[in-house]
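Compute the structure for the input listed below.
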Amino acid sequence: MGEGQSTEEAPGTHSGLPTWQGPFYETLNVGDVLRSRLGRTVTEADNVWFTCLTMNTNQIHFNTEYAARTTYGQCLVNSTLTLALVTGLSVVDTSENAAANLGWDRVSLPKPVFVGDTLWAESEILEKRDSRSNQAVGIVRIRSRGINQRREVVVEFERTFMVYKQHGETAASFPGTDTAWSTE
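Sure, this is the predicted structure:
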């Protein structure tokens, strides 16, 4: 880097190109429908690890012989993994700048999820309001659903979260460095 050049870049840019900052309170509008750009295929490891981490002892999630004798004939993906995964898929479009989740409501699981299914999230902004206790944030309520590769809805829920306003307390988290590239 030459003398007088700065490693500092404008917020929201990287090498002069815009970078994703996620939505803020002001950019979320009631009625907007947001669809995840990425899908996520559920693996057997995902299901077994999540089931073990949450200490869920229902064998339908991890015992193939047991699950083969059930209505579904195979292991079911843990339903709370489905909820967590679809919530996660929705974050980039809805709550990447959230200060906190405030609640999940009206969770329903209309279709089962199996290992190998790929899920996407679709969310609609239902309502928003300024926070009464913190001027730096607003409260947003959305409804989301997870859709599999067969176009089936596998989970639906409402979620309420507190999200920062554009000039709130959020800050860039990339630390930067003064060290030159070692491959020059």
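
The closest residue to Glu26 other than its chain neighbours: which element?
Closest residue in space to Glu26, ignoring its immediate chain neighbours: Gln166 at 5.5 Å, by Cβ to Cβ, 6 or more residues apart in numbering. Glycine gets a C-beta too; all of them are placed from N, C-alpha and C. Secondary structure assignment for Gln166, by DSSP states H and E: no helix or strand.

Kindly tell me how buried Gln166 is, as a neighbour count.
12 (other Cβ atoms under 10 Å).

Could you check how far it is from Gly146?
29 Å (Cβ to Cβ, to the nearest Å).

same question, Val107
11 Å.

out of these two, which sits in the busier spot?
Using other Cβ under 10 Å, the more surrounded residue of Val107 and Gly146 is Gly146, with 27 against 14.

Tell me how far the helix or strand containing that one lies from the chain's centre.
Taking DSSP H and E as the definition, one finds Gly146 inside strand 137-148. From the chain centre to the centre of strand 137-148 is a distance of 10 Å (Cα atoms, centre = their mean, to the nearest Å).

quick one: strands adjacent to the helix or strand following that strand?
On the C-terminal side of strand 137-148, the nearest following helix or strand under DSSP H and E is strand 153-164. The pairing partners recorded for strand 153-164 under DSSP bridges are strand 98-108 (antiparallel), strand 137-148 (antiparallel).

Just the CA atoms of the shortest one, as PDB, please.
Think strand 98-108. C-alpha atoms of strand 98-108 as PDB (Å, rounded to 0.1, in the frame of the first residue of the first chain):
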ATOM      1  CA  ALA A  98     -31.900  -7.900  15.100                       C
ATOM      2  CA  ALA A  99     -31.100  -7.100  18.700                       C
ATOM      3  CA  ALA A 100     -33.200  -9.900  20.000                       C
ATOM      4  CA  ASN A 101     -35.900 -12.400  19.100                       C
ATOM      5  CA  LEU A 102     -39.000 -11.800  21.200                       C
ATOM      6  CA  GLY A 103     -41.100 -14.800  20.400                       C
ATOM      7  CA  TRP A 104     -42.300 -17.600  18.100                       C
ATOM      8  CA  ASP A 105     -46.100 -18.100  17.800                       C
ATOM      9  CA  ARG A 106     -48.500 -20.300  15.800                       C
ATOM     10  CA  VAL A 107     -46.000 -23.000  14.900                       C
ATOM     11  CA  SER A 108     -47.400 -25.700  12.700                       C
END
